[in-house]
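A.B. asks: structure for this input, please:
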Amino acid sequence: MDSAEVTEIKRHFDAAAEGFRVEVAEVKRHFSVIGESLRSEIRQVAEGLAAVDAQIDREIGTLRQEMHEQFEETRAMIKLSYSELDRRIRVLESGQASLEARVQRLEAR
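C.D. replies: Numbers count the residues shown, from 1 in each chain. Model (predicted):
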């Protein structure tokens, strides 16, 4: 191999190396663009998740409030029902007491 051939081989390798450097730089740039795009999409997902999280917190708060109100209404209705039952039992007990007194008077005669 003479000096001209070596020079030609070196020139060829230098050209190939430069081509590889350009391709590597292009690949790096491409991955950088993809990486930035992914970061942007991840930010959007995180923001969406935060919004959903806040919405769920609001819904849970509303649900708790509604449940509390319904429990209070149920307690009030139960108290009212017990009061009504108590009144009816007292009326029946009073009626029974007067019937017993009447029966005793009748039996005493």
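
A.B. asks: what residue ranges in this protein score low on pLDDT?
C.D. replies: For the chain, not a single residue meets the criterion pLDDT under 70.

A.B. asks: how about the helices in it?
C.D. replies: Read by DSSP state H, the chain holds these helices, from start to end of the chain: 3-108.

A.B. asks: quick check, central residue of it?
C.D. replies: Nearest to the mean C-alpha position of the chain, by C-alpha atoms, centre = their mean, lies residue 56 at 4.5 Å.

A.B. asks: next one: that residue relative to residue 32, how far apart?
C.D. replies: Going from residue 56 to residue 32 by C-beta to C-beta, to the nearest Å gives 36 Å. All C-beta spots, glycine's among them, are computed from the backbone N, C-alpha and C.

A.B. asks: cool, residue 1 as well?
C.D. replies: Between residue 1 and residue 32 the distance, using C-beta to C-beta, works out to 42 Å.

A.B. asks: which of these two has more neighbours?
C.D. replies: Between residue 1 and residue 32, counted using other C-beta atoms under 10 Å, residue 32 has the larger neighbour count: 10 against 7.

A.B. asks: measure residue 78 to residue 84 for me?
C.D. replies: Going from residue 78 to residue 84 by C-beta to C-beta gives 11 Å.

A.B. asks: I misspoke; the intended subject was residue 75.
C.D. replies: The gap separating residue 75 from residue 84 is 15 Å, by C-beta to C-beta.

A.B. asks: and what of residue 10?
C.D. replies: From residue 10 across to residue 84, the span is 108 Å (C-beta to C-beta).

A.B. asks: please consider this matter closed, and thank you.
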